[in-house]
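In: Here's a sequence, model it:
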Amino acid sequence: MEKILLKNIDKPESHKIESYIKNGGYNAVREALKLGPDDIIQRVKDSGIRGRGGAGFPTGLKWSFIPKDPTLDKYLCCNADEGEPGTFKDRAIMDNDPHLLLEGMMITSYAIGAAVGYIYIRGEFEFGAKRLEAAIDEAYREGYLGKNIFGSEFSLDMYVHRGAGAYICGEETALLESLEGGRGQPRKKPPFPALAGLYGKPTVINNVETLACVPAIIEKGVEWFKSTGTEKSPGPKIFGVSGHVKKPGLYELPMGTTLRELIYEHCGGMRSDKPLKAVIPGGVSAPLLVPEDLDTTMDFEAMGAKGTMLGSGAVIVMEEGTCMVKVAYITNRFFSHESCGKCTPCREGTIWITKILKRLEEDRGRPGDIDLLEELCGNIFGRTFCPLGDGAVMALRGAITHFRDEFLNHAAHKGCTA
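Out: Below is the predicted model of the structure:
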């Protein structure tokens, strides 16, 4: 498959505007400015692209919710927080091909009528933030940002905003709260950001990989984009593979690639040639899968049918000998630490779960611990403002479902069978 999202990252000086232009960069935005905003939105709709940040919401449909009133201020926010453990795809684009992101944001801003775009980047990504700021400066210098871009009536200003490293700010409304200078906590929805987002104005929020797909849709066309992937999940996808494989890294492949192909062909198989025990397919919020699921395709529908999520496409591979109680403990320790504290079930429940899992991992388990964990999951799931609590619960439920005996052994026999 022809690479689109990672095509430039290994080229010399790939982060510089001269290199990007040399390789055809900014041609798509020139083409887009010849079209009407509604035409661009329709093309993105027709392409079938779905958000690459985790939820998989149709991108063109999200854009179409923005009011057409030209008197309203509108904003575009790029979600570059990328805080999901195991996820590192967006960072590669920001570090090595920042102008691809800028071009995607320019086309999106033109389509929705936004005159200001923000890139909300995770606080720890200092290198990426500097690369983006330098790229924005280059774009202003060349006249690609600012007033009357390419001699058109379209004007756009763009800014990088560094967060403080809170996982919750990857949730779109918490991101907006943080961007406005408030505490990073989710808002009640509705109203949704398309009607009342940043500063109460209509706002589109897309993640880095989603926006990076937009130039190719404009330049290569709808049918080209739909020619890869599956019918309901078309286009290319970056899979970030980590864990017990011989060749971890980033792989740009069609949506619908099987887990087996990804792990055993592209990643070279298991690191120590041990059997596969489990794989997390979409970041630690996604319930894990087992060897019987290896022929499942990596797309939104197939993952959902298996009771898990494609999520961010962060694939974490684990070999036989891995303690699943320890995996659950480390995962939930993260969620309890990152809970913003707004919702009681999440604030209290995730800490309680972590304490129980820590006790199990330290061979201090008690009879009834597993039943208590499941009861706590029921008290958290569906009872919070944002999906953080749900993600913690789904991950734990998946581990208990597939490896219940391992959890019970920790509780009853004070030891690990792994």
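In: Do you have the helices of the stretch 151-300 of the chain handy? List them.
Out: Taking DSSP state H, counting those that start in this stretch as the criterion, the stretch 151-300 of the chain carries its helices at 172-179, 208-220, 222-226, 259-260, 300-305.
In: The stretch 301-418 of the chain now?
Out: Under DSSP H, counting those that start in this stretch, the stretch 301-418 of the chain gives helices at 324-338, 344-361, 369-380, 388-402, 404-413.
In: could I get the helices of the stretch 151-300 of the chain as JSON lines with distance to Asp363 and mean pLDDT?
Out: All C-beta spots, glycine's among them, are computed from the backbone N, C-alpha and C. What follows is the helices of the stretch 151-300 of the chain, written out as JSON lines (distance: least, Cβ to Cβ, whole Å; pLDDT from 0 to 100):
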{"stretch": "helix 172-179", "distance to Asp363": "37", "mean pLDDT": "96"}
{"stretch": "helix 208-220", "distance to Asp363": "42", "mean pLDDT": "96"}
{"stretch": "helix 222-226", "distance to Asp363": "53", "mean pLDDT": "94"}
{"stretch": "helix 259-260", "distance to Asp363": "33", "mean pLDDT": "97"}
{"stretch": "helix 300-305", "distance to Asp363": "34", "mean pLDDT": "94"}
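In: Which of those helices sits closest to Leu100?
Out: helix 208-220 (5.0 Å; Cβ to Cβ).
In: Show me what counts as buried in the closest one.
Out: Residues of helix 208-220 classed as buried by neighbour count (16 or more other Cβ atoms under 10 Å): Val208, Glu209, Thr210, Leu211, Ala212, Cys213, Val214, Pro215, Ala216, Ile217, Ile218, Glu219.
In: Quick check: the two most widely separated of those residues?
Out: Among the buried residues of helix 208-220, Val208 and Glu219 lie farthest apart (Cβ to Cβ), at 18.5 Å.
In: Grab the nearest non-local neighbour of Ser152.
Out: Closest residue in space to Ser152, ignoring its immediate chain neighbours: Leu33 at 4.9 Å, by Cβ to Cβ, 6 or more residues apart in numbering.
In: correction: Asp10
Out: Asn96 is the one closest to Asp10 (Cβ to Cβ, 6+ apart), at 7.9 Å.
In: distance of that neighbour from Arg333?
Out: Distance, Asn96 to Arg333, using Cβ to Cβ, to the nearest Å: 32 Å.
In: nearest to Lys306, of the buried residues of helix 208-220?
Out: The closest of these to Lys306 turns out to be Glu209 (Cβ to Cβ; 22.3 Å).
In: ok so, going back, any idea how far the residue nearest to Asp10 lies from Asp137?
Out: 17 Å.
In: Just want to know which of the two has more residues nearby.
Out: Asn96 (17 against 12; other Cβ atoms under 10 Å).
In: OK, contacts around the more buried one?
Out: Counting by Cβ atoms under 8 Å, 6 or more residues apart in numbering, Asn96 touches Asn8, Ile9, Asp10, Ser14, His15, Arg131.
In: how does it look with 7 Å?
Out: Ile9, Ser14, His15 (Cβ atoms under 7 Å, 6 or more residues apart in numbering).
In: Let's see if you can find the most crowded of those.
Out: Counting by other Cβ under 10 Å, top hit in these: His15 with 20 neighbours.
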